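J.: Give me coordinates for this.
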Amino acid sequence: MKTHKHLFLTGLMVAGLFSNDSFAAPKKPFVKQGIWRGVFTLSESQVPFNFELKGKDPEHATFTLINGTRRDNFHVQRLGNDSLFIKMNTYDAALVAHIESDGKISGEYRSLVPNFRGNALPFTAEHGQSYRFAEPGTETAPAFDISGKWDLKIYSKEPTPNRIGLLKQTGNKLTGVVMSVVGDSRELEGTVHGDEFELSGFTGPSPIYIKGKVNDDKSLTGEISLGIYNNIKFDGEKNAAAELPDPYKLTYLKEGYKKLDFTLPDLNGHNVSLSDDKYKGKVVIVEIIGTWCPNCTDQTSFLSPWYNKNKDRGVAAIAIGFEQKDDLEYAKYTLGKLKEKYNIEYDILFGGIADKKVASEKLPALNRMMAFPTTIIIDRKGEVRQIHTGYTGEVTGQYYKDYVAKWNHDLDELIAEK
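T.: Predicted structure coming up:
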């Protein structure tokens, strides 16, 4: 495929009008507006998610995923009289669904990456259901309150740093986030029933499901499922002093290096290098990302408005995207969607296939590429002054506030240097 054509949908025109109470086709009812409860079948688990469908007509219809306080909006396309296509914004995946005769929805979460044979996740959804795991009136009283910070020891085939869980419980309701060296899980929502708990999250990338048990000694045991086959077990101890490895020390320059050097194509195929005149004498921010990576899009949603506000202060920025297909035309499509959604005004380059080893080869000055995203700050002399591995978003509370405060302090100092 020379050109990325998900746009197999281009010829499928969105038709029909919305009534006040439901999406309406010309001759028969379509999908009801309001709150829905969906359930993915993930291996042997049922993973619930909540969403809202809303809009007065197909062109302005929105599909909103609900996770605690977080809201993610997506555009709805109607295919014929009885099908929906909901593209997951910058993620190259979609919910493809059929509207059943009883008004329920059934379908699957499907990858759109060309020639990628990923496993689709089937789901069903029912209108008017706003609960997550336990239907109102069927809850079991919680035996414990697991609010607080948890040190999560991960059991994996390869040595894996501990993770941190930040949980908040109110009665049966449980919300929280899991942080790792590469970023955070985004906001999760669930319930505590007896001595067990469940959490799920679906924001566009593959859903997350956590199931665990509170032991007699008040420790936790459980399993985190990411997609179909990526399941990891954990033990947890409540520990207010638990911390992750310092994200400013995980990725660094190899001995003998002071500068970063690369030449990579932009989305028009023109080579761009840090030695280009447009970057000389400026503070340059390099973010290494992928549109498939939720922490990357969260980091971009922070960097883009910051850059647009500060670009006249002698600051430049470059995003290097590593995508799910090693093809510039494909990257032009995916990274172009990212550029459009987040109003990116800085250069976006294509690094190659989404692989940490490939990224390390393209950026040989680094000890290793440990995580997407990684953010590198370069001073006016062209020397690397800071490297941050991963990204933790607003849901992490004080961690996010500390990151933003340090970011602004450090950039102000570098910009002030002659």
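
J.: Give the other helices and strands that the longest helix seen in the chain contacts.
T.: Within the chain, and with DSSP state H defining each element, the longest helix by residue count is helix 398-416. With contacts defined as 3 or more C-beta pairs under 8 Å, 6 or more residues apart in numbering; DSSP states H and E, helix 398-416 has these neighbours: strand 283-289, helix 294-310, strand 374-378, strand 384-389. C-beta coordinates here come from the backbone N, C-alpha and C atoms, glycine included.

J.: Walk me through which strands the last one pairs with, and which way each runs.
T.: This points to strand 384-389. strand 374-378 (antiparallel) (DSSP bridges).

J.: so the longest helix of the chain versus strand 374-378, what angle?
T.: Angle of helix 398-416 versus strand 374-378, following axes from the mean of the first three to the mean of the last three C-alpha atoms, to 10 degrees, is 20 degrees.

J.: on that earlier part again, single out the most deeply packed of the helices and strands packed on helix 398-416.
T.: Among the helices and strands packed on helix 398-416, the stretch with the highest mean neighbour count (mean count of other C-beta atoms under 10 Å) is strand 283-289, at a mean of 25.

J.: Next, count neighbours for the residue nearest to S301 when sequence neighbours are not counted.
T.: In space, not counting the residues next to it along the chain, S301 is nearest to Y342; the distance is 5.8 Å by C-beta to C-beta, 6 or more residues apart in numbering. If you count neighbours by other C-beta atoms under 10 Å, Y342 ends up with 18.

J.: which residues does Y342 contact?
T.: By C-beta atoms under 8 Å, 6 or more residues apart in numbering, the residues touching Y342 are 297, 300-301, 304.

J.: do that again at 10 Å, thanks
T.: The contact partners of Y342, by C-beta atoms under 10 Å, 6 or more residues apart in numbering, come to 90, 297, 300-305, 308, 319.

J.: On the pLDDT front, check it for me.
T.: According to the predicted model, the pLDDT of Y342 comes to 97.

J.: So it versus Y257, what's the distance?
T.: 31 Å (C-beta to C-beta, to the nearest Å).

J.: And V404, by the same measure?
T.: For V404, the distance to Y257 equals 28 Å [C-beta to C-beta].

J.: Also L274?
T.: 13 Å.

J.: Pick out whichever of those two has more residues nearby.
T.: More neighbours sit around L274 than around the other of L274 and Y257, counting by other C-beta under 10 Å; the figures are 18 against 15.

J.: so the more buried one sits right up against V286, yeah?
T.: Yes - here L274 reaches V286: they are 7.9 Å apart, a contact under C-beta atoms under 10 Å.

J.: Contact partners for P136?
T.: With C-beta under 10 Å, 6+ apart, P136 has these contacts: 129-130, 172.

J.: Turn the buried ones among those into a named PyMOL selection, would you?
T.: Of the contacts of P136, the buried ones can be selected in PyMOL as follows, counting by 16 or more other C-beta atoms under 10 Å:
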select buried, resi 129+172
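
J.: Relative to I66, which of the contacts of P136 is nearest.
T.: Within the contacts of P136, distances to I66 taken as C-beta to C-beta reach their minimum at S130, with 8.6 Å.

J.: Identify the residues contacting that closest one.
T.: Contact analysis of S130 by C-beta under 10 Å, 6+ apart lists 34-37, 50, 52, 66, 136.

J.: Now render those as a markdown table, adding distance to I208, secondary structure and pLDDT.
T.: Shown next, in a markdown table, are the contacts of S130 (distance: C-beta to C-beta, whole Å; DSSP: H, G, I helix; E, B strand; the rest coil; pLDDT from 0 to 100):
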| residue | distance to I208 | secondary structure | pLDDT |
| --- | --- | --- | --- |
| G34 | 25 | strand | 93 |
| I35 | 21 | strand | 96 |
| W36 | 19 | strand | 96 |
| R37 | 17 | strand | 97 |
| N50 | 14 | strand | 98 |
| E52 | 20 | strand | 96 |
| I66 | 15 | strand | 97 |
| P136 | 24 | coil | 88 |
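
J.: Could you pick out the buried ones from those residues?
T.: Buried members of those, counted by 16+ other C-beta under 10 Å: 35-37, 50, 52, 66.

J.: can you pull out the helices in this structure?
T.: Counting by DSSP H, the chain forms helices over residues 294-310, 328-341, 356-362, 398-416, given from the N-terminal end onward.

J.: what comes into contact with the last one?
T.: With contact meaning C-beta under 10 Å, 6+ apart, helix 398-416 is reached by 164, 166, 177, 179, 184, 243-244, 247-248, 282-285, 298, 302-303, 306, 310, 313-315, 375, 377-380, 385-386, 388, 391-394, 396.

J.: quick revisit: in JSON lines, list the helices of the chain along with distance to E196.
T.: What follows is the helices of the chain, written out as JSON lines (distance: least, C-beta to C-beta, whole Å):
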{"stretch": "helix 294-310", "distance to E196": "27"}
{"stretch": "helix 328-341", "distance to E196": "38"}
{"stretch": "helix 356-362", "distance to E196": "35"}
{"stretch": "helix 398-416", "distance to E196": "28"}
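
J.: Cool, thanks, signing off.
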